[in-house]
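Novice: no letters, just coordinates:
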């Protein structure tokens, strides 16, 4: 199955929208492949807001969470600045032990109702990165699944009605949720012109990358390999891949 997907041409991603909300588990999640797409969209004048469910405080083995969390938040803000995003918020739920369920859906639905996006973007939430053996991380799976459900919850006034009673109107106008770097991606966006900004945004996570201890890790080479492979399938030099999940009944991926 993976071989077939790797050969399938990728369709252009719809860009006829104005507001996007990014919801991911950790600082650095978008930067490992999708930040260049964000730079493209902000360069087009689109509004992109980031919501980080955790502060990534459990992500650096040699640094205590109480020190790591604020540092990683600062790195994420700088990373966002590089790609043209100036609205960044952190829910500060506990890193590494997130659970899919009503509580997480409630928190994310509140964010959707506040920001009223056309499109919601999250990270890959499939079990693997390759439809084979490269396993995904538990927080990514929990947040992605909860984001998909919360984007629908936000449009129903009878789900989490306390938010509506507190003045947050339902928001039924999210057209689709996009999952970046999903192994089931069928769409892509050309990031040839903004690739360098994406690399710089990953480099901004300096403390995190240093803490990983990956010998000779080169953000440019790492991102370029993936962008080249995706670009080949999309018919452009460099691209980022997304799985499109339409929310409206009868909606299509196109």
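Specialist: Structure received. Since the structure is predicted, the reported quantities are computational estimates derived from the model, not experimental observations. Numbering: from 1, shown residues only.

Novice: tell me who's in contact with residue 31.
Specialist: Counting by C-beta atoms under 8 Å, 6 or more residues apart in numbering, residue 31 makes contact with 79, 198, 201-202, 204-205. Any C-beta I mention is one placed from the backbone N, CA and C, and that applies to glycine too.

Novice: where do the strands sit along the chain?
Specialist: With strands called from DSSP state E, the chain shows them at 11-12, 19-24, 47-52, 87-90, 119-123, 176-180, 187-190, 239-246.

Novice: tell me which residues are up against the second one.
Specialist: This points to strand 19-24. By C-beta under 8 Å, 6+ apart, the list of residues contacting strand 19-24 reads 30, 38, 41, 46-53, 108, 111-112, 115-123, 140, 143, 147, 150.

Novice: switch to 7 Å and redo it
Specialist: Residues from elsewhere that reach strand 19-24, judged by C-beta atoms under 7 Å, 6 or more residues apart in numbering: 30, 41, 46-53, 108, 111-112, 115-123, 143, 147.

Novice: buried sites along that strand?
Specialist: Under the neighbour-count criterion of 16 or more other C-beta atoms under 10 Å, strand 19-24 has 19-24 buried.

Novice: list the contacts of residue 8.
Specialist: Contact partners of residue 8, counting by C-beta under 7 Å, 6+ apart, are residue 233.

Novice: try 10 Å
Specialist: Residue 8 makes contact with 185-186, 233, according to C-beta atoms under 10 Å, 6 or more residues apart in numbering.

Novice: so which of these wins on neighbours?
Specialist: residue 185 (25 neighbours; other C-beta atoms under 10 Å).

Novice: and that residue, how close does it get to residue 71?
Specialist: 32 Å (C-beta to C-beta, to the nearest Å).

Novice: for ChimeraX, write a command that selects the buried ones of the contacts of strand 19-24.
Specialist: Provided next is the ChimeraX selection string for whichever of the contacts of strand 19-24 are buried by 16+ other C-beta under 10 Å:
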select :30,41,46,47,48,49,50,51,52,53,108,111,112,115,117,118,119,120,121,122,123,143,147
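
Novice: one step back: distance to residue 229 and mean pLDDT added to the strands of the chain, as TSV?
Specialist: Formatted as TSV, the entries for the strands of the chain read as follows, by distance: least, C-beta to C-beta, whole Å; pLDDT from 0 to 100:
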stretch	distance to residue 229	mean pLDDT
strand 11-12	16	98
strand 19-24	22	98
strand 47-52	25	98
strand 87-90	29	98
strand 119-123	18	98
strand 176-180	15	98
strand 187-190	10	98
strand 239-246	9	98
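
Novice: need the contacts of residue 31 in JSON lines (columns: distance to residue 87, neighbour count and pLDDT).
Specialist: Supplementary listing: these in JSON lines, determined by distance: C-beta to C-beta, whole Å; neighbours: other C-beta atoms under 10 Å; pLDDT from 0 to 100:
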{"residue": "79", "distance to residue 87": "14", "neighbour count": "25", "pLDDT": "98"}
{"residue": "198", "distance to residue 87": "19", "neighbour count": "31", "pLDDT": "98"}
{"residue": "201", "distance to residue 87": "15", "neighbour count": "31", "pLDDT": "98"}
{"residue": "202", "distance to residue 87": "20", "neighbour count": "23", "pLDDT": "98"}
{"residue": "204", "distance to residue 87": "17", "neighbour count": "25", "pLDDT": "98"}
{"residue": "205", "distance to residue 87": "19", "neighbour count": "25", "pLDDT": "97"}
